[in-house]
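1. Sequence first, predicted coordinates after that:
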Amino acid sequence: MRLSVKTLENRFVRLEPFTEGHKADLRAACDADPEVWTNLYPYSMAGEHFDPMWKRMAADAAAHRSIHFAVMVADRCVGITCYSSFDEVNAVCEVGGTYYHPDVRGGAVNPAAKRLIMGDAFSSGARRVAFRVDALNLRSQAAVAKLGAAREGVLRQDRVTWTGRIRDTVMFSVLKPEWPDVRDRLDARLAALG
């Protein structure tokens, strides 16, 4: 597996490699829902937490520990998603760190972005694409399941969030042999959205 930094695009979204040019729009998107960062994320990108997280993400990208994408709709950054925890030898990667402005949730943006990023992962040689979701985040669990990912189980007390809450993490994955069916269902879903 060889993941690389590139732009991915379909008719709904464009995933662009993270740059300083995305910073202002992403900050505004993150500030649009401060409660979600407190209640459901292991870290915060709202308010005063944005700049330190931006620096951390840039450092992780520079060290090739992650590949961050700005999620673009009509030339505006409405969120972020990334590859993380990738293991090129074993052909495994995680798709996560996903956040969208509340205005674009529940429509075509998430399935369109996941169609692009999973398609890129599998065409780059991935054998397994994993998703980790906070057990309290029922909306994200439903969205990942709706993508066609298999629920694998719960990692109990997996992480301490930035607020000190101890989080359980629900694991999902899509395997390479499953990808054609998952892809076709995603394509049909996106076609129905226009």
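-> Nice, I can see it. Residues are numbered from 1 along each chain as shown.

2. what are the phi and psi angles of the residue nearest to Ala149 when sequence neighbours are not counted?
-> Leaving out its chain neighbours, the residue that sits closest to Ala149 by C-beta to C-beta, 6 or more residues apart in numbering is Phe172, at 3.9 Å. Placement of C-beta: from N, CA and C, glycine included. The phi and psi torsions at Phe172 (degrees, to the nearest 10) take the values phi -130, psi 160.

3. Would you mind naming the residues that bridge with Phe172?
-> Phe131, Arg151 (DSSP bridges).

4. Now do the same contact list for it.
-> By C-beta atoms under 8 Å, 6 or more residues apart in numbering, the residues touching Phe172 are Ala130, Phe131, Arg132, Val133, Gln141, Val144, Ala145, Ala149, Ala150, Arg151, Glu152.

5. Next up, the contacts around Val78.
-> Counting by C-beta under 8 Å, 6+ apart, Val78 touches Asp25, Ala29, Val71, Met72, Tyr100, His101, Asp103, Val104, Val109.

6. Please repeat the previous calculation with a cut-off of 10 Å.
-> Going by C-beta atoms under 10 Å, 6 or more residues apart in numbering, Val78 touches 13, 25-26, 28-29, 32, 70-72, 99-105, 109, 113.

7. about what we covered before: whichever of the contacts of Phe172 end up buried, select them in PyMOL.
-> Selecting only the buried entries of those in PyMOL, with 16 or more other C-beta atoms under 10 Å as the criterion:
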select buried, resi 130+131+132+133+141+144+149
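
8. Among the contacts of Phe172, which one lies nearest to Trp162?
-> Ranked by distance to Trp162 (C-beta to C-beta), the contacts of Phe172 are led by Arg132 at 15.8 Å.

9. My read is that the closest one contacts Ala149, right?
-> No: at 11.1 Å, Arg132 does not count as touching Ala149 under the criterion of C-beta atoms under 10 Å.

10. Now do the shared contacts for those two.
-> In contact with both Arg132 and Ala149: Val95, Met171, Phe172, Ser173, using C-beta under 10 Å, 6+ apart.

11. Tell me the pLDDT of the third one.
-> In the prediction, the pLDDT value recorded for Phe172 is 98.

12. how close does it get to Ile117?
-> To Ile117, Phe172 is 14 Å away according to C-beta to C-beta, to the nearest Å.

13. ok, now the second one?
-> Note on Met171: its distance to Ile117, by C-beta to C-beta, is 18 Å.

14. okay, the two: which has more neighbours?
-> The neighbour count for Met171 versus Ile117, taken as other C-beta atoms under 10 Å, is higher for Ile117 (23 against 18).

15. Is Lys114 located within a helix, as I assumed?
-> Yes: according to DSSP: H, G, I helix; E, B strand; the rest coil, Lys114 belongs to a helix.

16. Give the full set of residues in contact with the closest residue to it other than its chain neighbours.
-> In space, Lys114 comes closest to Leu147 once its chain neighbours are excluded; the distance is 5.4 Å by C-beta to C-beta, 6+ apart. For Leu147, the contact set (C-beta under 10 Å, 6+ apart) comprises 95, 110-111, 114-115, 118, 131, 172, 174, 182, 185-186, 189.
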